[in-house]
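Peer 1: test case, fold it:
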Amino acid sequence: MTACFGVEDVAAIPATIGDLMIAQIEDEAMPEPSEYIMSRNGVDFIPSSMVLSAVDSKLRLEMGAEGMLGRILDPLRDSYDAILIDTCPSLGSLTINALAAADEVIIAVNPQLLAMMGLQNFLKTVSKIRNRINNKLQVAGILLTMCDTRTNLCKVITEEVAETFQGQIRIFRSMVPTTVKVGESVYYSEPLIEYAPDNKACEAYRNLAKELMNDEG
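Peer 2: Below you'll find the predicted structure:
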């Protein structure tokens, strides 16, 4: 995400999210938000770096490790209408930290068989975290991404998701299509809304934002 926001020299950043989490682990003083919050086109973000990979291993040895990210974000909650936590596609210590800090989780699913098999296990993990760590955590919905609606497989799995979770978990109406513009925007280090604002994938994400905003009233 940091690269997609055009940050080329991460080493020049005074503090990244990895540095903040290490400060939490070591019980060190936290820097001021102005030292680690960056901004682009009206969006504030906390950059990341390879330091975060070292944090993942350190968290496994720490008491109360699952609450580290929450303690960083809690002082910022009143300053924003929404805080998005971008997670890696694996269920490690960092993802558990994100779920422990969040009020809701959007589950992004690629309509492929293996992704669907992993979805059930992920939902069980969300339930465990809700029961044991964060009783506020709810599933906002399932977002289907990288959808090629021209293929029968995509249609079949999309229907299967709807049938399996109907009445239990919301399936967002917005479906993000597969498009080369997404890969290009990453390559050129530009957010998709700047690189190709009229692209179908960008439109899908805007529609998703509208769905979520309607939920907030």
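
Peer 1: need the residue closest to the centroid of the protein.
Peer 2: Asp86 (2.8 Å; C-alpha atoms, centre = their mean).

Peer 1: quick check: Tyr195 touching Tyr188?
Peer 2: Yes - because the distance of 6.3 Å satisfies C-beta atoms under 8 Å, Tyr195 is recorded as touching Tyr188. All C-beta atoms are positioned from the backbone trio N, CA, C, and that covers glycine.

Peer 1: now do the longest helix belonging to the chain: distance to the chain's middle.
Peer 2: Longest helix in the chain by number of residues (criterion: DSSP state H): helix 113-132. Centroid separation for helix 113-132 versus its chain: 15 Å, with C-alpha atoms, centre = their mean, to the nearest Å.

Peer 1: and the residue nearest to the centre of the chain, how far from Gly167?
Peer 2: Using C-beta to C-beta, to the nearest Å, Asp86 is found at 29 Å from Gly167.

Peer 1: go on, Leu59?
Peer 2: For Leu59, the distance to Gly167 - C-beta to C-beta - is 36 Å.

Peer 1: the more surrounded of these two?
Peer 2: Leu59 (21 against 5; other C-beta atoms under 10 Å).

Peer 1: quick one: residues contacting the more buried one.
Peer 2: Neighbouring residues of Leu59 by C-beta atoms under 8 Å, 6 or more residues apart in numbering: 21, 25, 65, 68, 93-94, 97.

Peer 1: again, but for Pro191
Peer 2: 4-5, 40-41, 43, 185.

Peer 1: now with 7 Å?
Peer 2: 4-5, 41, 185 (C-beta atoms under 7 Å, 6 or more residues apart in numbering).

Peer 1: can you show me the helices along this structure?
Peer 2: Counting by DSSP H, the chain has helices at residues 17-25, 33-36, 51-59, 68-73, 93-101, 113-132, 152-165, 180-187, 192-195, 200-215.

Peer 1: the inter-axis angle of the first one versus helix 51-59?
Peer 2: Direction vectors for helix 17-25 and helix 51-59, defined by axes from the mean of the first three to the mean of the last three C-alpha atoms, to 10 degrees, enclose an angle of 30 degrees.

Peer 1: just the pLDDT for the residue of the chain most remote from its centre.
Peer 2: Distance from the centre of the chain peaks at Asn152, with 28.3 Å (C-alpha atoms, centre = their mean). pLDDT, Asn152: 83.

Peer 1: isn't Glu211 right up against Phe172?
Peer 2: Yes - with contact defined as C-beta atoms under 7 Å, Glu211 counts as touching Phe172 (5.8 Å).

Peer 1: on that earlier part again, what subset of the contacts of Leu59 is buried?
Peer 2: By neighbour count, with 16 or more other C-beta atoms under 10 Å, those hold 21, 65, 68, 93-94, 97 as buried.

Peer 1: pipe those into CSV and attach pLDDT per row.
Peer 2: CSV is the format used below for the buried ones among the contacts of Leu59 (pLDDT from 0 to 100):
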residue, pLDDT
Met21, 91
Ala65, 85
Met68, 91
Ser93, 87
Leu94, 90
Asn97, 92
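
Peer 1: rewinding a little: tell me which of Glu211 and Phe172 has more neighbours.
Peer 2: Phe172 (19 against 15).

Peer 1: no more questions from me, cheers.
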